[in-house]
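Novice: Build me a model from this:
(one chain, ligands or ions: 2)
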Amino acid sequence: MPQLDKSALRHQILYQRKSLSTTEWQEKSSLICDRLKEKTLVREAKTILAYFSFRQEVDLAPLFNLNKHWGFPRCVGKSLEWHSWQPGEELQLGKYGIKEPLTTAPRITPATTDLILVPTVACDQQGYRLGYGGGFYDRLLGSLTSSRITTIGIVFDFAYLVELPTDPWDVKLNSICTETKFDVY
Ligand code: ADP
Ligand code: MG
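Specialist: Ligands and ions are numbered 1, 2, ... in the order given. Below you'll find the predicted structure:
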């Protein structure tokens, strides 16, 4: 029963993640951001979709001062709506308590972007991702037909596993970035 496995794994990893001290969380996040900044595909990307850290997800905030067009999601029903956001602009809290751009911020069409930094609960060594169980990113990534867009799963080393339980709708990521690794799939 893969769903049960996914659910048990989510609980276990979210518990471990919550147990990181603020200092550990920031240090590990900062290592991941340093690694991302070195990558040509990050340096050359003009428009990047990212996320605001929630429940001690890897914090990408050190990247947001890079000179890019940044897009962030709003949860609307069962999908993600993407809006432009640049440092200093106002944010609000969405329905899950996640920071979101205002509805008045200009919309961004995912298909026109270069890079998507994908939040994860866990990733595996085939490029699969475990999320919170809403399937939001499976729907987003499944809707993108252009292979021009690179997707990078962002995960701490402790949640980068050998193999995750998967379902037919799970979409593989192109790369995974941790504190110590950058793997391409
Ligand atoms: P997560 O990816 O967040 O870990 P799951 O992979 O368990 O979560 O997916 C959660 C739900 O999302 C599933 O019940 C599935 O029915 C739904 N889902 C995933 N991808 C799609 C899709 N492309 N279209 C419609 N529903 C989807
Ligand atoms: Mg999934």
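
Novice: Name the next helix or strand downstream of the helix or strand of the chain with the lowest mean pLDDT, please.
Specialist: Ranked by mean pLDDT, DSSP states H and E, the weakest helix or strand in the chain is helix 2-18, scoring a mean of 89. Beyond helix 2-18 on the C-terminal side, the first helix or strand identified by DSSP states H and E is helix 22-38.

Novice: how much does that next one deviate in direction from helix 2-18?
Specialist: Angle, helix 22-38 to helix 2-18, by axes from the mean of the first three to the mean of the last three C-alpha atoms, to 10 degrees: 110 degrees.

Novice: For helix 22-38, which outside residues touch it?
Specialist: 20, 42-43, 53, 56, 58-60, 62-63, 66, 117, 152, 154, 156-157, 177-180, 182 (C-beta atoms under 8 Å, 6 or more residues apart in numbering). C-beta: built from backbone N, CA, C; applies to glycine.

Novice: so who does the residue of the chain found nearest ligand 1 touch?
Specialist: Closest residue of the chain to ligand 1, C-beta to the nearest ligand atom: Gly135 (2.0 Å). Contacts for Gly135 (C-beta under 8 Å, 6+ apart) come out as 78, 169.

Novice: Please repeat the previous calculation with a cut-off of 10 Å.
Specialist: Shown in contact with Gly135 (C-beta atoms under 10 Å, 6 or more residues apart in numbering): 78, 142, 167, 169-170.

Novice: Is it possible to mark the buried ones in those residues?
Specialist: With burial judged by 16 or more other C-beta atoms under 10 Å, the buried subset of the contacts of Gly135 is Asp170.

Novice: could you dump the contacts of Gly135 to TSV with distance to ligand 1, pLDDT and secondary structure?
Specialist: As requested, these are arranged in TSV below (distance: C-beta to the nearest ligand atom, whole Å; pLDDT from 0 to 100; DSSP: H, G, I helix; E, B strand; the rest coil):
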residue	distance to ligand 1	pLDDT	secondary structure
Lys78	8	92	coil
Gly142	4	94	helix
Asp167	5	96	coil
Trp169	4	96	coil
Asp170	5	97	coil
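
Novice: just to revisit the earlier point, drop anything exposed from the contacts of helix 22-38.
Specialist: Neighbour counting by 16+ other C-beta under 10 Å classes 20, 42, 53, 56, 58-60, 63, 117, 152, 154, 156, 177-179 among the contacts of helix 22-38 as buried.

Novice: Among the contacts of helix 22-38, which lie within helices?
Specialist: Residues of the contacts of helix 22-38 located in helices (DSSP state H): 42-43.

Novice: Looking at the buried ones among the contacts of helix 22-38, which two lie furthest apart in space?
Specialist: Farthest-apart pair in these is Leu20 and Val42; separation 24.2 Å (C-beta to C-beta).

Novice: For the least confident helix or strand of the chain, list every residue counted as buried.
Specialist: Under 16+ other C-beta under 10 Å, the buried positions of helix 2-18 are 6, 9-10, 13-14, 17.
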